[in-house]
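# The sequence isn't on hand, but the structure is:
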């Protein structure tokens with residue numbers, strides 16, 4: 001069948017080569033004859049190509065069918081060979097059993113022949129012994145018969161035993177052969193099952209390897225993503241720290257400038273306050289000096305009108321009326337606020353202006369001095385007003 005398929009394939013290939021040559025010749029002739037037949041040539045070439053393609057497909061299908069048939073034949077051949085091998089094994093076992101039976105039969109025949117010869121020899125000896133004495137012969141005969149009977153029984157038992165042993169051995173061999181066939185069959189089935197399981201394990205192992213490879217690749221991709229994420233986070237943190245540092249630097253510089261500016265302004269204000277305080281102190285000293293000179297002149301004018309009783313009475317009146325009628329100067333002198341010392345037109349104004357400067361007996365020395373200083377300034381203002389009047 002294989003040769004027939006080969007011949008068929010060779011014949012088809014030759015037919016295809018001839019058809020291709022005819023197509024080539026047809027295309028050459030049509031191209032050389034006329035350019036007007038180009039369309040027909042193209043159509044013919046297209047038909048030729050389609051026919052060639054169809055034949056190639058048929059050949060491929062035929063080859064596929066042939067390969068399938070060859071594969072089936074190969075499987076059948078393998079099965080047939082396996083069956084023949086099993087049959088040969090069975091025939092070999094059967095021949096072995098037959099040979100064993102034949103050997104046992106020959107052994108039995110040989111032993112029977114030996115027994116017959118032994119009996120004949122014994123009979124001959126018995127005949128010789130009978131000539132020696134009938135009585136002894138009878139006893140010997142009886143003994144021999146008894147022995148023969150026992151030997152016969154023993155031989156019968158041994159033969160039956162051997163037969164039973166041979167039958168048992170034959171059955172055991174048949175069972176062993178049957179077990180061998182079953183074992184071979186089971187071994188073949190087990191091998192097929194192992195082959196299928198091996199293929200399944202191979203496919204499963206390939207799948208597991210592919211899955212493990214995919215998992216490892218996914219793990220690597222995940223680690224790379226995490227590293228990129230951590231790197232970007234680290235870069236963002238560094239950028240934020242840099243910006244925060246710049247912001248802190250700018251804020252620190254701004255706060256430092258603001259603090260320096262405030263300190264400079266504070267120093268300027270302090271210097272201005274000191275300057276104004278110096279000017280104020282100078283003005284107060286000047287006014288005190290002027291007030292002292294004016295007071296001294298006024299006291300000289302009103303020396304006869306001022307005495308202790310008037311001062312005490314005036315102090316008591318001030319406590320009762322809660323009005324300021326005199327001023328104690330820093331030198332300890334008392335300046336009554338009367339019409340003689342202050343013009344009457346401005347007396348009420350002076351009392352109203354000096355109402356907050358009331359003298360209290362329990363004022364301490366330092367506070368008294370400060371109050372007296374302020375009173376002196378107020379008196380100077382009053383004196384200036386009176387002078388202006």
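Done, it's in. Keep in mind the model is a prediction, meaning the values are calculated, not measured.
# any chance you could map the helices in the stretch 1-150 of the chain?
For the stretch 1-150 of the chain, the helices defined by DSSP state H, counting those that start in this stretch cover 2-33, 38-130, 134-301.
# Using a markdown table, please lay out these together with mean pLDDT.
A markdown table is the format used below for those (pLDDT from 0 to 100):
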| stretch | mean pLDDT |
| --- | --- |
| helix 2-33 | 71 |
| helix 38-130 | 81 |
| helix 134-301 | 80 |
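# Take those helices and lay them out in JSON lines including mean neighbour count.
C-beta here means a position set from N, CA and C on the backbone, and glycine is covered the same way. Listed next are the helices of the stretch 1-150 of the chain as JSON lines, based on neighbours: other C-beta atoms under 10 Å:
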{"stretch": "helix 2-33", "mean neighbour count": "12"}
{"stretch": "helix 38-130", "mean neighbour count": "12"}
{"stretch": "helix 134-301", "mean neighbour count": "11"}
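# Against residue 172, how distant is residue 218?
For residue 218, the distance to residue 172 (C-beta to C-beta, to the nearest Å) stands at 64 Å.
# same deal with residue 85?
Distance from residue 85 to residue 172, by C-beta to C-beta: 23 Å.
# Likewise for residue 125?
43 Å.
# How about residue 230?
For residue 230, the distance to residue 172 - C-beta to C-beta - is 79 Å.
# Could you do residue 267 as well?
In this view, residue 267 and residue 172 are 130 Å apart by C-beta to C-beta.
# Next: residue 270.
Residue 270 is 133 Å from residue 172, where distance means C-beta to C-beta.
# just residue 265 next, same as before
128 Å.
# Equivalent analysis for residue 272, please.
Counting by C-beta to C-beta, the separation of residue 272 from residue 172 is 138 Å.
# One more: residue 162?
Going from residue 162 to residue 172 by C-beta to C-beta gives 15 Å.
# same deal with residue 255?
Relative to residue 172, residue 255 is positioned 113 Å away (criterion: C-beta to C-beta).
# just residue 77 next, same as before
Applying C-beta to C-beta to residue 77 and residue 172 gives a distance of 35 Å.
# for residue 205, same thing?
For residue 205 relative to residue 172 (C-beta to C-beta), the value is 45 Å.
# again with residue 105
Applying C-beta to C-beta, the value for residue 105 to residue 172 is 19 Å.
# Then residue 232?
In terms of C-beta to C-beta, residue 232 sits 84 Å off from residue 172.
# Then residue 127?
Applying C-beta to C-beta, the value for residue 127 to residue 172 is 47 Å.
# What of residue 82?
Distance, residue 82 to residue 172, using C-beta to C-beta: 26 Å.
# Now for residue 104: which residues touch it?
Residue 104 sits next to 162, 166 when contact means C-beta atoms under 8 Å, 6 or more residues apart in numbering.
# how about 10 Å then?
Neighbour list for residue 104: 162, 163, 165, 166, 169, 170 [criterion: C-beta atoms under 10 Å, 6 or more residues apart in numbering].
# Can you add distance to residue 119 and give those back as CSV?
Output for these, formatted as CSV (distance: C-beta to C-beta, whole Å):
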residue, distance to residue 119
162, 20
163, 22
165, 25
166, 25
169, 29
170, 30
